[in-house]
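In: Have a look at this fold, sequence not included:
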Ligand SMILES: Nc1nc2c(c(=O)[nH]1)N[C@H]1C(S)=C(S)[C@@H](COP(=O)(O)O)O[C@H]1N2
Ligand SMILES: [Mo]
């Protein structure tokens with residue numbers, strides 16, 4: 001079974017969900033489907049995958065779904081899994097505006113339908129010092145950006161998460177962990193890099209709410225907080241966008257946020273990381289790699305930049 005449907009999901013919910021998954025592509029290419037694909041197709045798929053995906057063991061699905069940061073649903077690692085089921089993800093609209101030739105409010109289905117979704121197994125590293133290996137389903141952000149035709153003056157891409165306190169308990173009450181909406185940004189060349197994807201799923205299924213349904217950003221060479229969840233707006237801008245963690249604490253969090261073992265967080269070292277799912281708290285920490293191990297692909301984006309200043 002490629003796409004897991006828990007028995008309590010009504011059949012009426014299944015069809016629209018499968019739209020995001022482009023189910024046929026899955027059946028042709030992934031998981032058990034590989035057994036039915038031709039040998040040449042399987043080889044081509046494996047080759048396409050290896051260019052972008054790591055062969056490291058994947059973090060168990062249960063951990064990927066249970067150990068999350070999504071402050072709209074609370075500040076504990078278990079809060080998103082406990083609370084995010086209240087989020088309504090259909091219908092969903094993404095506004096794409098700013099310096100583009102084709103600004104519009106796009107229905108999620110229309111945004112996703114033309115994309116060739118693929119699996120990308122990425123190393124992910126949180127600024128807190130833990131990491132995971134996650135099999136995302138998604139497509140390069142560049143595919144969507146090219147469709148809306150960025151103007152020559154566009155230099156950055158700004159992203160925004162949903163504000164809906166009725167469904168997001170972390171946006172209610174006196175103790176607000178962050179200013180809302182959660183916002184993030186990338187330089188346009190970072191956004192167009194082939195490693196940068198918009199994810200609609202993971203582990204061969206529709207993105208669970210706690211992981212940022214129905215659409216989230218994944219930038220594997222940057223700290224996890226760059227991967228903004230439940231996106232409702234993407235704006236092309238000329239000036240560098242504001243980012244939530246930088247607003248909250250500019251001394252500790254910069255715009256670039258590239259994974260860098262040589263630049264410590266002011267309150268802790270970034271030299272090593274704990275891989276979630278590996279033998280609990282007593283497992284050996286592993287060394288953190290420059291650009292989270294993606295230096296070959298992305299270091300040239302930052303040549304000549306002082307990485308201590310642009311952290
Ligand atoms: N909207 C929103 N996006 C967010 C966050 C958040 O609190 N709100 N947390 C970030 C942080 S700190 C991390 S490490 C990743 C975690 O993604 P995951 O729970 O899917 O592993 O999401 C990022 N995206
Ligand atoms: Mo994080």
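Out: That came through, no problem. Just so we're clear, the structure is a prediction, and the values are computed from it rather than from any experiment. Numbers count the residues shown, from 1 in each chain. Ligands and ions are numbered 1, 2, ... in the order given.
In: could you pull out the helices for the stretch 151-300 of the chain?
Out: Secondary structure of the stretch 151-300 of the chain (DSSP state H, counting those that start in this stretch): helices at 188-192, 244-248, 295-298.
In: And the stretch 1-150 of the chain, by the same measure?
Out: Under the criterion DSSP H, counting those that start in this stretch, helices of the stretch 1-150 of the chain are mapped to 11-21, 23-29, 39-52, 61-66, 79-83, 108-112, 141-148.
In: now what about the fifth one, what contacts it?
Out: Okay, so that is helix 79-83. Applying C-beta atoms under 8 Å, 6 or more residues apart in numbering, the external contacts of helix 79-83 come out as 65, 66, 68, 69, 70, 73, 74, 169, 170, 209, 210, 211. Using the backbone N, CA and C atoms, a C-beta is placed for each residue, glycine as well.
In: ok, so of these, who is nearest residue 121?
Out: Lowest distance from residue 121 to the contacts of helix 79-83 (C-beta to C-beta) belongs to residue 211, with 14.9 Å.
In: what sits against that closest one?
Out: 64, 65, 68, 70, 80, 202, 229.
In: same check, this time on residue 252
Out: Under the criterion of C-beta under 8 Å, 6+ apart, the contact list for residue 252 reads 245, 265, 266, 267.
In: Can you add neighbour count and give those residues back as a markdown table?
Out: Converted to a markdown table, the contacts of residue 252 look like this (neighbours: other C-beta atoms under 10 Å):
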| residue | neighbour count |
| --- | --- |
| 245 | 20 |
| 265 | 14 |
| 266 | 8 |
| 267 | 7 |
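In: For ligand 1, what's the nearest residue on the stretch 201-311 of the chain?
Out: Taking C-beta to the nearest ligand atom as the measure, the point where the stretch 201-311 of the chain comes nearest ligand 1 is residue 224, at 2.6 Å.
In: pLDDT score for that residue?
Out: The per-residue pLDDT reported for residue 224 equals 98.
In: Same check on residue 282?
Out: Looking at residue 282 specifically, the model assigns a pLDDT of 78.
In: To what extent is it buried, counted in neighbours?
Out: As a burial measure, residue 282 scores 6 neighbours (other C-beta atoms under 10 Å).
In: so which of the contacts of residue 252 would you say is closest to ligand 2?
Out: Relative to ligand 2, the closest of these is residue 245; by C-beta to the ion it sits at 8.6 Å.
In: right, and that closest one touches residue 253 too?
Out: Yes - A contact is recorded between residue 245 and residue 253 when judged using C-beta atoms under 8 Å, the distance being 3.7 Å.
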